[in-house]
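Asks: test case, fold it:
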Amino acid sequence: MRLRALLTLHACVAVLACEKKVESPAPAPAPAAPQAPTAAAPSAKDVILLGEIGSLTGAQATFGVSTKQGVEMAVSEANASGGIKGRKVAVQVYDDQGKPEEAANAATRLIAQDHVAVILGEVASTNSLAMAPKAQSAHVPMISPSSTNPKVTEVGDYIFRVCFIDPFQGFVMAKFAHENLKVSKAAVLKDQKSDYSQGLTDVFTRKFTEMGGTIVGVEAYAQGDTDFRAQLTAIKKAKPDAIYIPGYYTDVGIIARQASELGLKATLLGGDGWESDKLFELGGKAVEGSYYTNHYSPEDPAPQVQQFIASYKKMFGAVPDSLAALGYDAARVAMDGMKRASEPTGASLRDALAQTKDFPGAAGTISLDGARNAVKPAVVLQVQGGKTKFVTTISP
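Replies: Okay, here's the model as predicted:
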């Protein structure tokens, strides 16, 4: 994609000025009356370029679109308040279509071709794991808004995230199921090709068992499957009280419908991959009463949360989901690090990001630990009436 097609509005003048072609000198014009001098257009060195990679099309398109809009709003606000150290901020965005190989290629382009200061993305852990080695080897900081698999930040010291990780998220649902819902027997239906799903399965299974619960069955599928009846039939025979489905909304909605058709009465449980209005469209009444862990709730009365929601609604005409909140937080954490760093790139930016403490995010206060993971609470939401209802917050 061309750079100027993807820059935010406040940076367009700067970049267009840099893209003017050099042409042959024209004949000198006739003398004209003197005019008042005009300010020179800003050049590329006056713009700090952020890179963003997300699934703007494909199976998880709502994830990418929401994240992109959150980033756009953060950049718009930063530019409206003067930018960073007198420089405007722009964003170069690439669509990876939800594919790891496309995510890796996009990261290479952002680094080698666009020379971005930081990379924001991805949502899916598998895609982030494809991008992270590129960023690490080039010493370009990368901040994932919402990849929760622990392996993402283990790639190296230039890789960060502003979300909690799966060991915590899996623990939260195990604790909620056992203590709040009084579940004693649970089954798991996991996506065997997803690092995200595998990670949550491992943690939930271990923690639920440690708390005294019993896992009565574990079945698997692959993202994109459309028939889950064989797995659900096997689960039904095991008679679980609940079924943990740590997948993405595209699969979960269909799974819920087929479970209902088979007469499965178990409560459905999940993780933040459920977060999309499409879940209600795909699952309909079959997802009613289900629970899932998430990063934030629009019902949170915290001032920074309500201000974020009001600004987002004004800009995009909708209530933001957690992916929008995390995209917003990732961009703001990146720009906050740039303001504190001696140079807004490379090792200086990496060191500043690593020192992030008590940052007031839309999806919770963010403090990064020694492994560059966010220490923050999680919320549990219930599906009621085709939307989510806040149930509880569980802190680390």
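Asks: wasn't residue 203 part of a helix?
Replies: Yes: membership of residue 203 in a helix is supported by DSSP: H, G, I helix; E, B strand; the rest coil.
Asks: tell me the contacts of it?
Replies: Residue 203 sits next to 166, 167, 169, 170, 171, 174 when contact means C-beta atoms under 8 Å, 6 or more residues apart in numbering. For every residue, glycine as well, the C-beta is placed using N, CA and C.
Asks: can we see that at 7 Å?
Replies: Contact analysis of residue 203 by C-beta atoms under 7 Å, 6 or more residues apart in numbering lists 166, 167, 170, 171.
Asks: give me the number of residues near the first one?
Replies: I take that to be residue 166. 28 (other C-beta atoms under 10 Å).
Asks: also the second one?
Replies: For residue 167, the tally of surrounding residues (other C-beta under 10 Å) stands at 18.
Asks: can you tell me the SS state at it?
Replies: helix.
Asks: repeat that for the third one.
Replies: The assignment at residue 170 comes out as helix when based on three-state DSSP.
Asks: surely it touches residue 197?
Replies: No: using C-beta atoms under 7 Å, residue 170 is not in contact with residue 197; the gap is 10.8 Å.
Asks: these two - which one has more neighbours?
Replies: Applying other C-beta under 10 Å to residue 170 and residue 197 shows that residue 197 carries more neighbours, namely 28 against 25.
Asks: contacting residues around residue 320?
Replies: 70, 308, 309, 312.
Asks: so where's the stretch 51-200 of the chain uncertain?
Replies: Along the stretch 51-200 of the chain, segments meeting pLDDT under 70 are nowhere present.
Asks: the strands in it, which residues?
Replies: Assigned by DSSP state E, counting those that start in this stretch, the stretch 51-200 of the chain shows strands spanning 88-95, 118-120, 142-144, 159-161, 185-191.
Asks: ok, the residue nearest to residue 328 when sequence neighbours are not counted to residue 121 distance?
Replies: Using C-beta to C-beta, 6 or more residues apart in numbering and skipping residues adjacent in sequence, the residue nearest residue 328 is residue 70, 3.7 Å away. Look at residue 70 and residue 121: by C-beta to C-beta, to the nearest Å, they are 12 Å apart.
Asks: and those two? Which one has more around it.
Replies: residue 121 (33 against 30).
Asks: isn't the more buried one up against residue 54?
Replies: Yes: with contact defined as C-beta under 7 Å, residue 121 reaches residue 54; the gap is 5.4 Å.
Asks: the helix or strand harbouring residue 330 - contacts with which helices or strands?
Replies: Per DSSP states H and E: residue 330 is located in helix 322-340. Where contact means 3 or more C-beta pairs under 7 Å, 6 or more residues apart in numbering; DSSP states H and E, helix 322-340 is packed against strand 47-54, helix 61-80, strand 118-120, strand 142-144, helix 303-316, helix 346-354, strand 359-361.
Asks: could you dump the ones you listed into CSV and include distance to residue 332?
Replies: Listed next are the helices and strands packed on helix 322-340 as CSV, based on distance: least, C-beta to C-beta, whole Å:
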stretch, distance to residue 332
strand 47-54, 11
helix 61-80, 5
strand 118-120, 11
strand 142-144, 10
helix 303-316, 10
helix 346-354, 12
strand 359-361, 7
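Asks: of these, which is nearest residue 368?
Replies: Taking C-beta to C-beta, helix 346-354 is the member of the helices and strands packed on helix 322-340 nearest to residue 368, at 6.4 Å.
Asks: list the buried residues in stretch 337-345.
Replies: 337, 338, 341, 344, 345 (16 or more other C-beta atoms under 10 Å).
Asks: can I get those in TSV with pLDDT and distance to residue 97?
Replies: Shown next, in TSV, are the buried residues of stretch 337-345 (pLDDT from 0 to 100; distance: C-beta to C-beta, whole Å):
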residue	pLDDT	distance to residue 97
337	98	29
338	98	29
341	98	33
344	96	30
345	96	28
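Asks: export those to CSV and tack on distance to residue 103?
Replies: Output for these, formatted as CSV (distance: C-beta to C-beta, whole Å):
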residue, distance to residue 103
337, 23
338, 24
341, 26
344, 24
345, 22
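Asks: which of those residues lies closest to residue 357?
Replies: Nearest member of those to residue 357, counting by C-beta to C-beta, is residue 337, at 11.7 Å.
Asks: the closest one and residue 308: what is the separation?
Replies: 19 Å.
Asks: repeat that for residue 249.
Replies: Counting by C-beta to C-beta, the gap from residue 249 to residue 308 is 22 Å.
Asks: for the stretch 101-250 of the chain, just list every one of the helices.
Replies: According to DSSP state H, counting those that start in this stretch, the stretch 101-250 of the chain carries its helices in the segments 125-138, 166-175, 195-210, 229-238, 249-261.
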